[in-house]
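Novice: Predicted model, plus sequence, below.
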Amino acid sequence: MSSAPSSSGYDRIAIVTGADSGIGRATAVALAEHGFNVGITFHSDQRGAEETAREVRGHGRAAAVRRHDLTDPEKAAAVVDELAAELGGLGVLVNNAGTGSSEPLLEMGFDRWRSVLAVDLDGPFLCAQRAARHMIAAGRGGRIVNVTSVHEEYPRVGAGPYCAAKGGLRMLSRVLALELSPYGITVNTVAPGEIATPMTGQEDERPQPGSRPGYPIDRPGDAREVAGAVAFLAGHSASYITGASLFVDGGLTLMGPQAAGALPAGDWRQG
């Protein structure tokens with residue numbers, strides 16, 4: 001086993017999955033601002049992915065785009081190899097692509113259960129495996145950041161496979177952090193709360209203060225606020241952080257995500 005390389009030498013090349021909109025797009029742009037060339041994946045919105053690539057190039061960085069269908073995670077993971085080859089290396093992987101569900105477990109078919117886990121857990125595992133092999137072969141360390149959710153820790157009615165996958169991804173990240181630490185590769189999770197993106201039906205809208213009275217910071221988050229946390233964990237300043245979960249939730253988990261969203265007013269603040 002090799003000794004840990006310097007934390008300052010990893011390739012300034014990143015792959016961000018699901019970067020056609022929302023948190024993925026904001027993360028790709030933030031990494032470009034920090035000097036990274038960026039590989040961008042998408043499932044169905046090629047136009048969105050190309051717009052992300054245009055923004056990355058607008059910051060003077062290279063961008064490459066690939067379709068990435070994580071319902072077939074073994075095939076999809078090969079995109080990591082393709083993007084690393086096109087961009088000339090790989091120093092950072094951000095597993096951001098994901099999907100969800102909104103039906104009770106007792107009404108859910110096994111195919112639906114498995115499809116969510118394939119995208120939200122199997123896919124990140126296989127992509128991280130491919131990425132880590134590139135990083136180890138290069139011998140310069142690296143960063144893996146897995147975007148989970150507050151539901152990596154807290155349950156939600158109707159989101160059984162999503163919660164199971166995100167909780168599994170948290171523990172997977174911790175095991176990877178142990179196994180990859182000798183190679184100078186850190187592995188962490190970023191756990192967003194409600195973020196104003198297409199995935200939450202808000203189409204990248206600007207969050208409105210006062211719109212979520214049950215949240216300590218009484219609004220949804222902005223995708224760029226999550227991207228800033230990812231960029232921090234992908235950067236040199238986070239070289240001594242691994243196996244950690246960084247919650248970017250406006251204090252939502254202080255309240256309990258299920259109950260906080262149901263509170264109609266901010267009277268709870270009075271004690």
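Specialist: Everything's here; your move.

Novice: only C-alpha atoms for contact and neighbour calcs from this point on.
Specialist: Will do.

Novice: host element of residue 56?
Specialist: Using DSSP states H and E, residue 56 sits in helix 46-58.

Novice: and that helix, what does it pack onto?
Specialist: helix 22-33, strand 37-42, strand 63-67 (3 or more Cα pairs under 8 Å, 6 or more residues apart in numbering; DSSP states H and E).

Novice: can you tell which of the ones you listed is closest to residue 147?
Specialist: Minimum separation from residue 147 across the helices and strands packed on helix 46-58 (Cα to Cα) falls at helix 22-33, 9.1 Å.

Novice: which ones are touching residue 46?
Specialist: 20, 67 (Cα atoms under 8 Å, 6 or more residues apart in numbering).

Novice: any chance you could map the helices in this protein?
Specialist: 22-33, 46-58, 73-87, 110-117, 123-138, 160-180, 223-234, 252-255, 257-260 (DSSP state H).

Novice: ok, back up a step: buried residues, the helix holding residue 56. List them.
Specialist: 48, 49, 50, 52, 53, 55, 56, 57 (16 or more other Cα atoms under 10 Å).

Novice: okay, residue 258: pLDDT?
Specialist: Looking at residue 258, its pLDDT stands at 66.

Novice: show me what contacts residue 90?
Specialist: Residues in contact with residue 90 (Cα under 8 Å, 6+ apart) are 10, 11, 12, 13, 14, 15, 84, 131, 134, 135, 142.

Novice: er, residue 87 I mean
Specialist: Going by Cα under 8 Å, 6+ apart, residue 87 touches 13, 37, 38, 39, 62, 63, 64.

Novice: swap in residue 234?
Specialist: Here residue 234 is in contact with 92, 143, 144, 145 (criterion: Cα under 8 Å, 6+ apart).

Novice: How about residue 54?
Specialist: Per Cα under 8 Å, 6+ apart, neighbours of residue 54: residue 63.

Novice: now the buried residues of helix 46-58 in a markdown table, with pLDDT and distance to residue 24?
Specialist: Shown next, in a markdown table, are the buried residues of helix 46-58 (pLDDT from 0 to 100; distance: Cα to Cα, whole Å):
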| residue | pLDDT | distance to residue 24 |
| --- | --- | --- |
| 48 | 97 | 11 |
| 49 | 98 | 10 |
| 50 | 98 | 13 |
| 52 | 98 | 9 |
| 53 | 98 | 12 |
| 55 | 98 | 13 |
| 56 | 98 | 12 |
| 57 | 98 | 16 |
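
Novice: still on that earlier bit, quick one: which of the contacts of residue 87 has the most company?
Specialist: Neighbour tally across the contacts of residue 87 (other Cα atoms under 10 Å): the maximum, 32 neighbours, falls on residue 38.

Novice: my guess is it meets residue 17, correct?
Specialist: No - in this structure, residue 38 is not within contact of residue 17 by Cα atoms under 8 Å, at 10.3 Å.

Novice: Dead centre of this structure: give me the residue that sits there.
Specialist: residue 147 (2.5 Å; Cα atoms, centre = their mean).

Novice: roughly how far apart are it and residue 138?
Specialist: The gap separating residue 147 from residue 138 is 24 Å, by Cα to Cα, to the nearest Å.

Novice: could the helices and strands packed on helix 46-58 go into CSV alongside distance to residue 195?
Specialist: Shown next, in CSV, are the helices and strands packed on helix 46-58 (distance: least, Cα to Cα, whole Å):
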stretch, distance to residue 195
helix 22-33, 8
strand 37-42, 19
strand 63-67, 24
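
Novice: Any idea which of the ones you listed gets closest to residue 242?
Specialist: Nearest to residue 242, of the helices and strands packed on helix 46-58 and by Cα to Cα, is helix 22-33 at 19.1 Å.

Novice: Residues contacting the closest one, please?
Specialist: Here helix 22-33 has contacts from 14, 16-19, 37-38, 40, 49, 52, 55-56, 59-61, 96-97, 196-199, 203-204, 223-224, 226-228, 230-231, using Cα under 8 Å, 6+ apart.

Novice: Those, buried ones only, as a ChimeraX selection?
Specialist: Selecting only the buried entries of those in ChimeraX, with 16+ other Cα under 10 Å as the criterion:
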select :14,16,17,18,19,37,38,40,49,52,55,56,59,61,96,97,196,197,199,204,223,224,226,227,228,230,231
